[in-house]
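Student: pasting a predicted model and its sequence here:
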2 protein chains.
Amino acid sequence: MRTAVHQAVVDLVQDVGADKVTIPAVARRAGVNPSSVYRRWGTAAALLADVATRRQGEETPELLGDLRRDLERVAVWTLSDLSRPGGVAFFRAEVAPDVDDRRAGLRACLRRVSARFQAPLDAAARRGEVVPSLERVLDRVVAPLYFRVVFSVPGTDERFARGLVAELFGASGVEGSGLG
Amino acid sequence: MRTAVHQAVVDLVQDVGADKVTIPAVARRAGVNPSSVYRRWGTAAALLADVATRRQGEETPELLGDLRRDLERVAVWTLSDLSRPGGVAFFRAEVAPDVDDRRAGLRACLRRVSARFQAPLDAAARRGEVVPSLERVLDRVVAPLYFRVVFSVPGTDERFARGLVAELFGASGVEGSGLG
DNA sequence: CACTTAAAGCGGTGGTCTTTGCCTTAAGGG
DNA sequence: CCCTTAAGGCAAAGACCACCGCTTTAAGTG
């Protein structure tokens, strides 16, 4: 049943939007009783958070040992994670809903994305390399990705994500990546 | 009455959050009848969008003629606009709500912020200067500001906004701005 | 087989939002 | 002065959500 409910949440989020994801609606779609969903999760926000948490733990790119390549991989993975159906909708779900849970949801979301990028940075630092700070990576790579996906800026593809990382390592790669 | 309703919306957004801004609540706070609000605006999302649109037309920084200074002014203004009470809440309101109005709200939001930065770029281009593309400004200045405000990253102040613009013009200014 | 217990279904209740029809009010024009 | 009309207030009706107590099912155990 948990799988049925989770699938119903994913379907509803990308069909009618995260704000319309109400427990009765999810229960109808999943073919279960609303009260059962209320018992297990309590609120729609908790249900969305559960699905979002479950989602991101599924897979994560492994590190190869080259900082730039690893950052590119993580950036591309982050972009595809945001771009897949319902991806940014879950981000919106964590950003938007109830005031009480908002800070917690935002912190969790930021922690997840930070951890993903911190891993290759730490690995490179252990190898003795000079690495940019996490804040810099967030500003120069993650923020543009989120911004562009949220606002549906065209041309936000894998090549663009790699270009953002390339810019982090110097001016090379700017010309051919449409970033000028 | 329109002013009363708009003020009630602004108050409610910064008091209880944009998601709790419901038409009956606004009507109660404004001292008007809910059905009147339903007649004029129809939905809470439309009401929020109306208030957001009305808000941004109030003021905008004028240009001085120096590209870097102008971009800094616009960046600082954008940051303070996002940071003021309810600022990012209105952004969220446009990002999050109903699927039908979402694209329109996002396009309007992006158009507004783009126009604000496009103005000094155009002015500088008319003066014959070499100017960065709007996309580059969005990626390097606007996106980090939005990202940091949404996620409440500490240290996102006026100095940081100026540092983002400084980075656009070269490596100078990086050292002292906490961006490294 | 009987018992225990956790999980899910069922119905009802209260509360809020949303819609609708009708009435009142006030401003503008003949 | 009277008429027209648009805007707002009023109240009732419908719909939906959230919550609660109770029952039923099913799995696990001695």
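Tutor: Cool, the structure landed. All of these numbers come straight from a predicted model, not from anything done at the bench.

Student: contacting residues around stretch A:131-140?
Tutor: A:67, A:71, A:113-114, A:117-118, A:121, A:124-125, A:164, A:167-168, B:140, B:144, B:147-148, B:153, B:164, B:178-180 (CB atoms under 8 Å, 6 or more residues apart in numbering or on different chains). The way it works is simple: take the backbone N, C-alpha and C, and place the C-beta from them, glycine included.

Student: which stretches of chain A have low pLDDT?
Tutor: A:56-58, A:85-104, A:171-180 (pLDDT under 70).

Student: just give me the neighbour total for the residue lying closest to A:Tyr38 once chain neighbours are set aside.
Tutor: Leaving aside its sequence neighbours, A:Tyr38 sits nearest to A:Ile23 (CB to CB, 6 or more residues apart in numbering or on different chains; 6.0 Å). The number of residues packed around A:Ile23, counting by other CB atoms under 10 Å in any protein chain shown, is 18.

Student: pull the contacting residues for A:Ile23.
Tutor: Contacts of A:Ile23 (CB under 8 Å, 6+ apart): A:34, A:37-38, A:41, A:43-44, A:47.

Student: can we see that at 6 Å?
Tutor: A:34, A:37-38, A:44 (CB atoms under 6 Å, 6 or more residues apart in numbering or on different chains).

Student: closest to A:Gln7 out of the residues you listed?
Tutor: The nearest member of these to A:Gln7, counting by CB to CB, is A:Val37 at 13.1 Å.

Student: biggest helix in chain A, by residue count?
Tutor: In chain A, assigned by DSSP state H, the helix with the most residues is helix A:99-126.

Student: does A:Thr156 sit in a helix, a strand or a coil?
Tutor: Assigned state for A:Thr156: coil (three-state reduction, DSSP: H, G, I helix; E, B strand; the rest coil).

Student: list the contacts for it?
Tutor: With CB under 6 Å, 6+ apart, A:Thr156 has these contacts: A:Arg148.

Student: now it: how far from B:Ala108?
Tutor: Distance of A:Thr156 to B:Ala108, given as CB to CB, to the nearest Å: 19 Å.

Student: ok, now A:Pro61?
Tutor: With CB to CB as the criterion, A:Pro61 and B:Ala108 are 36 Å apart.

Student: what's the answer for A:Arg116, then?
Tutor: Distance from A:Arg116 to B:Ala108, by CB to CB: 32 Å.

Student: try A:Phe117
Tutor: 31 Å.

Student: and the two? Which one has more around it.
Tutor: Each of A:Phe117 and B:Ala108 has its neighbours counted (other CB under 10 Å); A:Phe117 has more, 20 against 16.

Student: not counting sequence-adjacent ones, nearest residue to the more buried one?
Tutor: Nearest one to A:Phe117, counting by CB to CB, 6+ apart, is A:Val137 at 5.1 Å.

Student: ditto for A:His6
Tutor: Closest to A:His6 by CB to CB, 6+ apart is A:Val51, at 5.3 Å.

Student: and that neighbour, how many neighbours?
Tutor: 22.

Student: so who does A:Pro61 touch?
Tutor: A:73-74, A:77.

Student: then A:Arg29?
Tutor: Contacts of A:Arg29 (CB under 6 Å, 6+ apart): A:Ala8.

Student: about what we covered before: could I get the buried residue list for the longest helix of chain A?
Tutor: By 16 or more other CB atoms under 10 Å in any protein chain shown, the buried positions in helix A:99-126 come out as A:101-102, A:105-106, A:108-110, A:112-114, A:116-117, A:119-121, A:123-124.

Student: for the helix or strand that comes right after that helix, buried residues please.
Tutor: Using DSSP states H and E, the helix or strand that directly follows helix A:99-126 along the chain is helix A:134-137. For helix A:134-137, burial by neighbour count (16+ other CB under 10 Å) applies to A:135-137.

Student: ok, those vs B:Asp19, which is closest?
Tutor: For the buried residues of helix A:134-137, the nearest to B:Asp19 is A:Glu135 (29.4 Å; CB to CB).

Student: distance check, the closest one against DNA strand D.
Tutor: Noted for A:Glu135: a distance of 37 Å to DNA strand D, by CB to the nearest atom of the strand, to the nearest Å.

Student: what about the helices in chain A?
Tutor: Under DSSP H, chain A gives helices at A:2-16, A:23-30, A:34-41, A:44-56, A:67-83, A:87-95, A:99-126, A:134-137, A:143-150, A:158-168.

Student: can you put the ones you listed in JSON lines and add distance to DNA strand C?
Tutor: Shown next, in JSON lines, are these (distance: least, CB to the nearest atom of the strand, whole Å):
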{"stretch": "helix A:2-16", "distance to DNA strand C": "7"}
{"stretch": "helix A:23-30", "distance to DNA strand C": "7"}
{"stretch": "helix A:34-41", "distance to DNA strand C": "3"}
{"stretch": "helix A:44-56", "distance to DNA strand C": "13"}
{"stretch": "helix A:67-83", "distance to DNA strand C": "28"}
{"stretch": "helix A:87-95", "distance to DNA strand C": "18"}
{"stretch": "helix A:99-126", "distance to DNA strand C": "15"}
{"stretch": "helix A:134-137", "distance to DNA strand C": "39"}
{"stretch": "helix A:143-150", "distance to DNA strand C": "24"}
{"stretch": "helix A:158-168", "distance to DNA strand C": "38"}
